[in-house]
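# I would like the atomic coordinates for the input below:
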Amino acid sequence: MSQSQTSTSAGRRMTMGKALNAGLRRALEADPKVVLAGEDIGKLGGVFRITEGLQKDFGEDRVIDSPLAESGIVGTAVGMAMRGYRPVVEIQFDGFVYPAYNQIVAQVAKMHHRSRGLVPMPMVIRIPFGGGIGAVEHHSESPEAYFAHTAGLKVVSCSNASDAYWMIQQAIALDDPVIFLEPKRRYHEKGEVDEDATPAPLHRARVVREGTEATLLAYGPMVKTCLDAAEAAAEEGRALEVIDLRSVSPLDMQTVATSVQKTGRVVTVHEAPVNLGLGAELAARITEQCFYSLEAPVLRVGGFDTPYPPARLEDHYLPDLDRVLDAVDRSLSY
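This next block holds a predicted model:
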């Protein structure tokens, strides 16, 4: 069972993709105002089959195959949200979101504030993100910093099947717009999902491995990488703490600060380029809030400051266990 929930009943194992499907199904059943839209999400079930079977069971009016136009998908969803619906739109791949960036930044993020709180914007934008699947250009990017920097948006990312199931439902239930980032390379990884559990708050980080010597901060696809790194470090007698941030914006700094005060050393890890990535914001906040607890500078591990490379080079580009452990060694050397 995920540590993000509590329950006395046993769950069932499913992949992250199936967990997202089950979460969307439960949201559709719970509220007739929930509507899904996106390219090929209906009859095909989406390129990753996340919405498979939903159009058959809920009809074409609630699971809508949209035109191939991201700006139109998001723009239409804005109108639906203003009319009382709860649209959940899928951007087929991370690199396809940019045609809709104007709608997201200029309309989705601002409507609630522009209307002085009179017009909520209850919509979710699902984005499969990150690399590791050997895809072509514009299919493996990590655009989270663009959205985390945009006031008015909430940005979250699941890292396991249990969180996928619960977080998508929590995001849909919010009256605020949510960018929901799904690590596509983890879609087929299985985990325990308890559908009767009580989930943790959507924006609360979670300590997924206890440790005392250094803290690894990650989200989405890099959580597993950090857990693997911590397991390897344990074989050498080092106890690393791993935190799954879960929410990119807002950040749960209380959980982060508690860990930093215990370990005194921090390494941030994400797939996106290091320059102006989330690791930079974390480093700044940790330095401001935990300066006297730090035994070393906050170190960052991320993608290189280049456009995402061709598939044959992505294993070199993406942070791996060795790069994480190298940063840990450098931190411990101070």
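# so where do the helices sit in the stretch 151-300 of the chain?
For the stretch 151-300 of the chain, applying DSSP state H, counting those that start in this stretch gives helices covering 161-173, 222-234, 253-263, 278-290.
# of all the ones you listed, which one is nearest Gly45?
Judged by C-beta to C-beta, the one of the helices of the stretch 151-300 of the chain that comes nearest to Gly45 is helix 161-173, at 15.7 Å. C-betas here are computed from N, CA, C, even on glycine.
# by mean pLDDT, flag the weakest helix or strand of this protein.
The helix or strand of the chain with the poorest confidence is strand 5-6; it has a mean of 50 (mean pLDDT, DSSP states H and E).
# tell me the mean pLDDT over stretch 156-164?
Averaged across stretch 156-164, the pLDDT comes to 98.
# one more: stretch 315-326?
The model assigns stretch 315-326 a mean pLDDT of 96.
# so where's this structure shaky on pLDDT?
1-10 (pLDDT under 70).
# against which helices or strands is the biggest strand by length in it packed?
Using DSSP state E to define each element, the chain has its longest strand at strand 266-273. Judged by 3 or more C-beta pairs under 8 Å, 6 or more residues apart in numbering; DSSP states H and E, the packing partners of strand 266-273 are helix 144-148, strand 214-218, helix 222-234, helix 278-290, strand 299-303, helix 321-332.
# partners of that strand, with directions?
strand 214-218 (parallel), strand 299-303 (parallel) (DSSP bridges).
# would you mark the buried spots in that strand?
266-273 (16 or more other C-beta atoms under 10 Å).
# got it, and stretch 95-103?
95-98, 100-101, 103.
# any chance of CSV for the residues you listed, columns distance to Ala173 and secondary structure?
Listed next are the buried residues of stretch 95-103 as CSV, based on distance: C-beta to C-beta, whole Å; DSSP: H, G, I helix; E, B strand; the rest coil:
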residue, distance to Ala173, secondary structure
Gly95, 29, helix
Phe96, 26, helix
Val97, 23, coil
Tyr98, 28, helix
Ala100, 23, helix
Tyr101, 25, helix
Gln103, 22, helix
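# what's the closest of those to His316?
Of all the buried residues of stretch 95-103, His316 sits closest to Gly95, with 19.5 Å by C-beta to C-beta.
# was I right about the closest one contacting His139?
Yes: with contact defined as C-beta atoms under 8 Å, Gly95 reaches His139; the gap is 6.0 Å.
# about what we covered before: so which of the helices and strands packed on strand 266-273 gets nearest Glu182?
Using C-beta to C-beta, the nearest of these to Glu182 is helix 144-148, at 11.6 Å.
# against which helices or strands is the closest one packed?
strand 154-157, strand 178-183, strand 247-249, strand 266-273, helix 278-290.
# figure out which of the ones you listed is closest to His316.
Nearest to His316, of all the helices and strands packed on helix 144-148, is strand 266-273, at 13.0 Å by C-beta to C-beta.
# which residues does the closest one contact?
Residues from elsewhere that reach strand 266-273 (C-beta atoms under 8 Å, 6 or more residues apart in numbering): 130-131, 142-145, 214-222, 225-226, 260, 277-279, 282-283, 286, 294, 298-306, 318-319, 324, 327-328, 331.
# tell me the angle of that strand relative to helix 253-263?
Angle, strand 266-273 to helix 253-263, by axes from the mean of the first three to the mean of the last three C-alpha atoms, to 10 degrees: 130 degrees.
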